[in-house]
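Visitor: Provided below for reference: sequence and predicted model.
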Amino acid sequence: MKIWSPAIPAEGFIPKKYVMRAIGGENLSPPLQWEGVPGQARSLVLVCVDTHPVARNWIHWIVVDISPEVRELPEGVSGGRLPSGARELVNSYGFSGWGGPQPPPGTGPHPYHFVLYALDVPRANLPERPSWAEIERYLKGHVLAKASFTAYYER
């Protein structure tokens, strides 16, 4: 399986329009595309997590119950335009949907990991506001395949 963004280069920097409004962005969810989903997958889960030591595994986006036939999430899809059946859980900011980067000034580049999981279950049984540890614990027994890329943002 492979995941990428046509708007964000892997190992590159996240464009300003995808960051939080409080720091001058538009908080648009970035476009994402993927391929190679295993035929036996019953659903997909997408997570964007900041693993910088200051951020402590801050969840920026979690989309669950994505149909394995879906191959992309277009730009700005967060907040109501998701594929049928998919749903957004509550991020670390405390709201449902995409919460773009907003790292504290002077903390250096923060890594944003976009991770796509192919699961053996049709629905992810996660809490409405899961922590990174809860996500990892739940997914451990259900992942058929995993793909990721990392991009950065700094202020």
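Guide: Arrived safely.

Visitor: need the per-residue pLDDT for the residue of the chain most remote from its centre.
Guide: Relative to the centre of the chain, the most outlying C-alpha is that of Gly106, 24.2 Å out, by Cα atoms, centre = their mean. Looking at Gly106, its pLDDT reads 97.

Visitor: three-state assignment of it?
Guide: Following DSSP: H, G, I helix; E, B strand; the rest coil, the label given to Gly106 is coil.

Visitor: what sits against it?
Guide: For Gly106, the contact set (Cβ atoms under 8 Å, 6 or more residues apart in numbering) is empty. Quick note: C-beta positions are derived from backbone N, CA and C, even for glycine.

Visitor: can you check Leu82 too?
Guide: 63, 66, 73, 88.

Visitor: in JSON lines, list those along with distance to Thr51 and neighbour count.
Guide: What follows is those, written out as JSON lines (distance: Cβ to Cβ, whole Å; neighbours: other Cβ atoms under 10 Å):
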{"residue": "Val63", "distance to Thr51": "19", "neighbour count": "26"}
{"residue": "Ile66", "distance to Thr51": "22", "neighbour count": "26"}
{"residue": "Leu73", "distance to Thr51": "21", "neighbour count": "25"}
{"residue": "Glu88", "distance to Thr51": "21", "neighbour count": "21"}
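
Visitor: which one of the residues you listed is nearest to Glu26?
Guide: Leu73 (16.3 Å; Cβ to Cβ).

Visitor: for stretch 52-68, measure first residue to last.
Guide: The first residue of stretch 52-68 is 30 Å away from its last residue (Cα to Cα, to the nearest Å).

Visitor: mind checking how far Arg87 is from Leu139?
Guide: 16 Å (Cβ to Cβ, to the nearest Å).
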